[in-house]
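A.B. asks: return a 3D structure for these sequence lines:
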Amino acid sequence: MRLLISIVGISLVVQGCAAVRSHHADRAEAATSGLRPDSDAAQSPAKDVAPGDLEEILHDELEEGVDKVQEGLSKSANRTLSEMQHIDEVPNELRRALEMVLVMFLPKWHFKEKIFWEAAVTVFASLAWFYVYFGMLLKRDRSESLDRWHGSLMKMQKPDANTIHLSPDLILVFHHPKFEYNDGKKEVHPASIDRVLSQHQEYRFPRVRELRSSMMVRRMSSSLERAATATKALIGAPADTLAVPNHMVRTAMLQDLYEAFQSWGFNVKVFSSVDNDQIFFCASLRSVPVIRHYLSQGTFPLQLRSGVVKKLGIKQNPSDPASSPPSVPYDKHLVERLSEHGVLDSADESELFQTFTGTATFVSSLQCLDIMWDNLVGSLDPYAAIDEGFLVALFPAHNPTRIAELKATWANWRYLLDLSFVQPLPQLRNYFGTRITFIFGWNGHYCKALLALVTVALLMEVICRVGNSFAIPLLKTRQVLGFSIVLVVWAKICENLWHREQDFFTELWNLRHHCSVRTIRPQFQGEQKASPVDESITEKQYPKHLSFYRQLLTGCFTVFFCGLVACCIFVWMLIFKGKVDVVSSVMLSLQIKVLEFVFHTMVPILTDFENHKHQDEYHNSLLWKLFAFDFVNNYSAFFSLTIRFAWGCDHGDCLFVLRRQVSVCLSILCACSIASMLMNGVIVRLSLWYEAYQLQKQTGSEMPERYFLEEQAKYAVINEQEEVQNMLTLVISLGFVLLFGGVAPLVVPCCLCVFAVQLRAFSVFLTTDAQRPYPQESSGIGNWQRCISFLMVVGVLYSAVLFVAFGPSFEGTALLAKVTGMVCFCLASAMLWALIDIVCPPTDSETDLLAKRREHVLTKLMKSAGPGVSSPSEDPLALEPLKQSNYIVDAAWDKIPNLQLLRRSSWGNLF
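C.D. replies: Below you'll find the predicted structure:
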C-alpha cells in the first residue's frame, strides 16, 4: 500500500514539473519570435533587451517556478501520504456517520440480525422457486392447436343429430300475436316508438312508422272531439278506440324486421315456441355473394391459411405460435391475381383465407354477427325495444358443435384438477370475442402464478405454526417482513409476464389499431349534428358540458356512498372493539355482501344516467364505480383492524390475533363468492323446471321436448355489468393477497380457490346456462390493469405499515423512525421492481418475431400477386332474393310451426 502511495505521489510531482517547464518554454519561444505572450511583455519591448540577457532572464524565471511547484507538490504528497497511512480508520468513520444518520432519522431503532437473516433466507428461497416455476414449469396458452385435448375431443359428446344444423347467428324473440298478453292492449305513446326507431332511416319499418303517424292523427282528432262535445268523447269515442295498442306495434315491428333482414341479404326462419306464446326469429349469414358484398364495403381482416405461406416459398414451423399467418382485408382482385400467378389453384376465397367450422365459410361467426349487428342498430335500438315491451329478447345463438368442443377442451368441471390451467384462448376468441377471452386469459394466468405462491405461503404457515407451538417468535418476523417482500417480487413478476401474454395476443389478433374503431351504444341519446371529424356527415352528439355535469353528479354520489359504507364499517368495528369472533365475522361478511348488493343495483342506473356515447366509455365508467365501492366495502374493516392493533395493543399477541381474524373473515368472503358463482347455474335450471311444471299444471300433459335452440331464450343474460362483476370478483380476491398476504398467508390458498373455481364455473355457465354474449372487442384487459397496479402500490404501502407496526426492530421507536422505515421499505420495493423489469422485462421477443414474420409474408404475398386485371363483381344485394316463407308478412300466425314439427330435411336450409 505504501509503495503504491509513493508511486502516485512521485507521478504527480513529475507531471507537475513537466507542465511548468512546458509553460515557460512556450513563453520563451514566443519572446524570441517577437510575439507578446502576456501583458508584462507588452510593457517592455523586446528591442530594449539584448537577446542573450532575455534568454538568461527567462531561464532564471523557469528555474524559480519549477522550484516553487516542486516544493508545493512535495508538501501535498507528504500530506496525502500521511492521511492515507490512517486508512484503517475509514470503517470507523463510516460507522460513526451511519450511527449519526440512524440517530437522526431512526431514533431508538435497533438492527435485528436474526430478523434480517430470516427474511433474507425467505426471499432468496422464494426467488429460486419462482425461477424454476416461471422459467421451466409454466405453460402458456398461445398454441392454436387442440392437440393437447385430442383424447377429450375424441370422447366428447356429439351434438344431437336433430339439432346439429340449428345454428343461426342471431335470434330475436317476439311476442306471439295469437297469444293474449296482459299488456297487449296497453296504449303506446309516440315517444316510445321514437325512442326505438332511428330517425335518419325513415324508409325502414314502414308499418311501425305508419302506426306512429296514425297515433298523432288520432290524438289530434281526439282533442278536437273532446273540445266539441265531452259527452260524445266519453260515450261514442272511448280511449281504447283512439289509442294504438301494444300488440299492434309488436306485430308491425315483427313484420318490418322480417322484410328488413331479407333486404339486407340475411337468411331468416321463424318458428313458434313449445307453448305458442313466442315467435323465434332466427337470422344467419351464409350466402357467399352477400358475404363478399359486406366484406368489400368494410375493413374486416381475414386470416390467411397456413398452406398459403408454404406456397409462397416461406419456411416456417406451422406449430409455432409465432408463425401464425397474417390477416389482410378482403379483396377479390387479390384472390384472382394470386390464382393467375399460380399461387392458388383457383380463384376461390377458401383457398386463400382460413375457413371456420361454425359458419362453413371464410368468415367467422363473430364477423357475421358484426355485419348483422351494424345493420340492425343502424335502424333501431333493440335494447329500447325490449324496455318498451316490443321485443322479448335478443341474443347471439350458440353453435352446438362449437359448444361441444368447448365443453370437451375447456368448460368442464374435471379440469378443476388440471393444475396447468392451460386454455384454448384462440378458440375462445373466435367464439366469445377478445374482451371475454382476455378476462379468461388473465384468470388462468393468475391461477398459474398463485400456484407458485401457494407453495411458499403454505410452507410459511407450517413454519409459523411450528414456531408458535415451540414458543419461537417466527410470526412477527418472517411473515411481516420476509413474506411481504416475497409478495412485492411475486406481484411484479406476474404483472410483467401478463404484459408479455397480452402483447402477444394483441399482435396475434390484430388489435393494435382497435382504439380507432369505437362502437356507438344504441342507447345513446343525442341530436343529429355535423360530425367534428367530417362536417359533411351527421352523427348523434350530446353537449359536453351536460355530460360532464352528469358524470360529476354520479361521481359525487359514488364517493358519498363509499364514505357512508366506510363509516358504517368503522362504527361496527368500534362496537366490537376489534375483537371479531366467528359469529361477528359472519355478520361482517353478510354486511359487506348486503351493501354490495344494494350498490350494484344502483350502478346501472347511475351509469345509464351519464349517457355515454361509446361502449368502452360505458364499460370503464361501470368498472371504476364498482371497483371504488368494492375496494372500500371489502378492505375497510381490515384496515381498521390493522390500525387498532398497531397502535392500541396491550399484549404481544396482536399480530397473531390480527392474522386469525383476517383469515376467518376472508375465508367466509371467499366461500360466499364461490357460492354465488355456483348459484347462477342452479337458478337457471330451477326457472326452467318451474316453467315446465307450470305448463304441465295448466295443460295436464307433459311439456314437449324443448330443443337447445329454443331453450337459450330462458338462459341467463351476460350483460355489461355481469362481465364487470365477474372480473371484479377476481380483482378483489387478488387484492386480499396483495394487501393482507403478508400478515395472513392463508389468504393465498383461499384466493387460488376463488380463481380456480371462477375459471371453471364461469366457463361452464357460459356454455350451459347463459345466452351467448355479444362479442366485444378489446385490446387487453384495459383499465383493469390500472386497478391491479393501484392494488400493488397500496399493497406496498400497507406492507410498509405492517413492517413498522409489528416489526420487533421498531418497538418503542418514535414516529419519525416509523416513517423513515416506511419510506425505506417503499424505496426498496421500487428498486426491486426496477430490477425485475431488467431481469424479467414486460416485453417479449416472440411478439416481435411474430410481427416480423407476418410483415415478411405480406410483402412476399403482394410481390407474388403482381399486377392483374379483374372484372368488377356484381352487387350481391341486387341479385334475386332468396325465396323464404311469407307467413310473417301475410300474418298467417297459425301456420308458423313449432320447431319440433319441422322436418329435419328442411332444417339444413333454415340456417
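A.B. asks: neighbours around the closest residue to M727 other than its chain neighbours, how many?
C.D. replies: Leaving aside its chain neighbours, M727 sits nearest to I439 (5.4 Å; criterion: C-beta to C-beta, 6 or more residues apart in numbering). No exception for glycine: its C-beta is placed from N, CA and C like everyone else's. By the measure other C-beta atoms under 10 Å, the count of residues near I439 is 21.
A.B. asks: top helix in this structure by residue count?
C.D. replies: In the chain, taking DSSP state H as the definition, the longest helix is helix 654-699.
A.B. asks: can you spell out which helices and strands pack onto that helix?
C.D. replies: If contacts are counted by 3 or more C-beta pairs under 8 Å, 6 or more residues apart in numbering; DSSP states H and E, helix 654-699 sits against helix 582-609, helix 615-647, helix 720-740, helix 747-768.
A.B. asks: name the SS class of the nearest residue to V764 once chain neighbours are set aside, please.
C.D. replies: For V764, ignoring the flanking residues on the chain, the nearest one in space by C-beta to C-beta, 6+ apart is A411 at 5.0 Å. Following DSSP: H, G, I helix; E, B strand; the rest coil, A411 is assigned to coil.
A.B. asks: for the one 10 residues further on, same thing?
C.D. replies: What three-state DSSP gives for F421 is coil.
A.B. asks: what's it sitting at in phi/psi?
C.D. replies: With angles defined as degrees, to the nearest 10, F421 sits at phi 50, psi 30.
A.B. asks: hmm, back to that, buried ones in the helix or strand harbouring the residue nearest to M727, by neighbour count?
C.D. replies: Element membership for I439, per DSSP states H and E: helix 434-469. Neighbour-count burial for helix 434-469 flags 434-454, 456-457, 460-461, 463-464, 467 (criterion: 16 or more other C-beta atoms under 10 Å).
A.B. asks: ok, now how distant is the residue nearest to V764 from S778?
C.D. replies: With distances taken as C-beta to C-beta, to the nearest Å, A411 is found 21 Å from S778.
A.B. asks: going by neighbour count, list what's buried in stretch 70-77.
C.D. replies: Residues of stretch 70-77 classed as buried: L73, A77 (neighbour count, 16+ other C-beta under 10 Å).
A.B. asks: err, stretch 368-381, not the other one
C.D. replies: Result for stretch 368-381 [16+ other C-beta under 10 Å]: buried residues C368, L369, D370, I371, M372, W373, N375, L376, V377, S379, L380, D381.
A.B. asks: can you check my assumption that the first one lies in a helix?
C.D. replies: What it means is C368. Yes - C368 forms part of a helix when assessed by three-state DSSP.
A.B. asks: which non-adjacent residue is nearest it?
C.D. replies: Closest to C368 by C-beta to C-beta, 6+ apart is L285, at 4.3 Å.
A.B. asks: residues contacting the one you found?
C.D. replies: D169, G265, F266, N267, I291, Y294, T359, V363, C368, I371, M372 (C-beta atoms under 8 Å, 6 or more residues apart in numbering).
A.B. asks: dihedrals phi and psi, it?
C.D. replies: Dihedral angles (degrees, to the nearest 10) for L285: phi -130, psi 100.
A.B. asks: check which element follows the longest helix of the chain along the chain.
C.D. replies: Per DSSP H and E, helix 654-699 leads on to helix 708-711 as the next helix or strand towards the C-terminus.
A.B. asks: so which bits of that following helix are buried?
C.D. replies: Within helix 708-711, the residues that count as buried by 16+ other C-beta under 10 Å are F708, L709, E710.
A.B. asks: helices or strands up against it?
C.D. replies: strand 278-284.
A.B. asks: which residues touch the strand it packs on?
C.D. replies: 167-177, 179, 254, 257-258, 261, 266-273, 368, 372, 392, 397, 709-710, 713, 896, 899, 910-911.
A.B. asks: neighbouring strands for it, and are they parallel or not?
C.D. replies: Partners of strand 278-284 in the sheet, by DSSP bridges, are strand 170-175 (antiparallel), strand 267-272 (antiparallel).
A.B. asks: lowest average pLDDT across those?
C.D. replies: Lowest mean pLDDT within the strands paired with strand 278-284: strand 267-272, at a mean of 89.
A.B. asks: tell me the buried residues in it?
C.D. replies: Within strand 267-272, the residues that count as buried by 16+ other C-beta under 10 Å are N267, V268, K269, V270, F271, S272.
A.B. asks: export those to a markdown table and append columns for distance to G307.
C.D. replies: Below are the buried residues of strand 267-272 laid out as a markdown table (distance: C-beta to C-beta, whole Å):
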| residue | distance to G307 |
| --- | --- |
| N267 | 30 |
| V268 | 35 |
| K269 | 35 |
| V270 | 40 |
| F271 | 40 |
| S272 | 46 |
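A.B. asks: to H189, which of the helices and strands packed on helix 654-699 lies closest?
C.D. replies: Evaluated over the helices and strands packed on helix 654-699, closeness to H189 peaks at helix 582-609, with 19.9 Å, by C-beta to C-beta.
A.B. asks: I'd like to know which elements the closest one is packed against.
C.D. replies: Secondary-structure packing of helix 582-609 (3+ C-beta pairs under 8 Å, 6+ apart): helix 544-576, helix 615-647, helix 654-699, helix 720-740.
A.B. asks: whichever helix or strand V486 is part of to helix 747-768, inter-axis angle?
C.D. replies: Take DSSP H and E as the rule and V486 turns out to sit in helix 483-508. Using axes from the mean of the first three to the mean of the last three C-alpha atoms, to 10 degrees, the inter-axis angle of helix 483-508 relative to helix 747-768 is 30 degrees.
A.B. asks: got the angle for helix 483-508 vs helix 434-469?
C.D. replies: Comparing the axes of helix 483-508 and helix 434-469 via the same axes, to 10 degrees yields an angle of 160 degrees.
A.B. asks: tell me the average confidence for helix 483-508?
C.D. replies: 95.
A.B. asks: then stretch 624-639?
C.D. replies: 90.
A.B. asks: distance between it and the chain's centre?
C.D. replies: Put simply, stretch 624-639 sits 19 Å off its chain's centre (C-alpha atoms, centre = their mean, to the nearest Å).
A.B. asks: export it to CSV, keeping only CA atoms.
C.D. replies: This file holds the C-alpha atoms of stretch 624-639, laid out as CSV (Å, rounded to 0.1, in the frame of the first residue of the first chain):
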residue,chain,number,x,y,z
TRP,A,624,-64.5,2.4,-11.9
LYS,A,625,-67.7,2.8,-9.8
LEU,A,626,-67.8,-0.9,-8.9
PHE,A,627,-64.1,-1.1,-8.1
ALA,A,628,-64.1,2.0,-5.9
PHE,A,629,-67.0,0.8,-3.9
ASP,A,630,-65.8,-2.8,-3.5
PHE,A,631,-62.4,-1.5,-2.5
VAL,A,632,-63.9,0.4,0.4
ASN,A,633,-66.5,-2.2,1.2
ASN,A,634,-64.2,-5.2,1.3
TYR,A,635,-61.0,-3.7,2.7
SER,A,636,-62.1,-1.0,5.2
ALA,A,637,-62.7,-3.5,8.1
PHE,A,638,-59.3,-5.0,7.8
PHE,A,639,-57.6,-1.6,7.6
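A.B. asks: what's that stretch in contact with?
C.D. replies: Against stretch 624-639 from outside (C-beta under 8 Å, 6+ apart): 554, 558-559, 561-563, 565-566, 569-570, 572-573, 588, 592, 595-596, 599-600, 603, 606-607, 662, 665, 669, 724-725, 728, 731-732, 735-736, 739-740, 783, 787, 798.
A.B. asks: one more time with 6 Å, if that's ok
C.D. replies: For stretch 624-639, the surrounding residues in contact (C-beta atoms under 6 Å, 6 or more residues apart in numbering) are 558, 562, 565-566, 569, 588, 592, 595-596, 599, 603, 662, 724, 728, 732, 740, 787.
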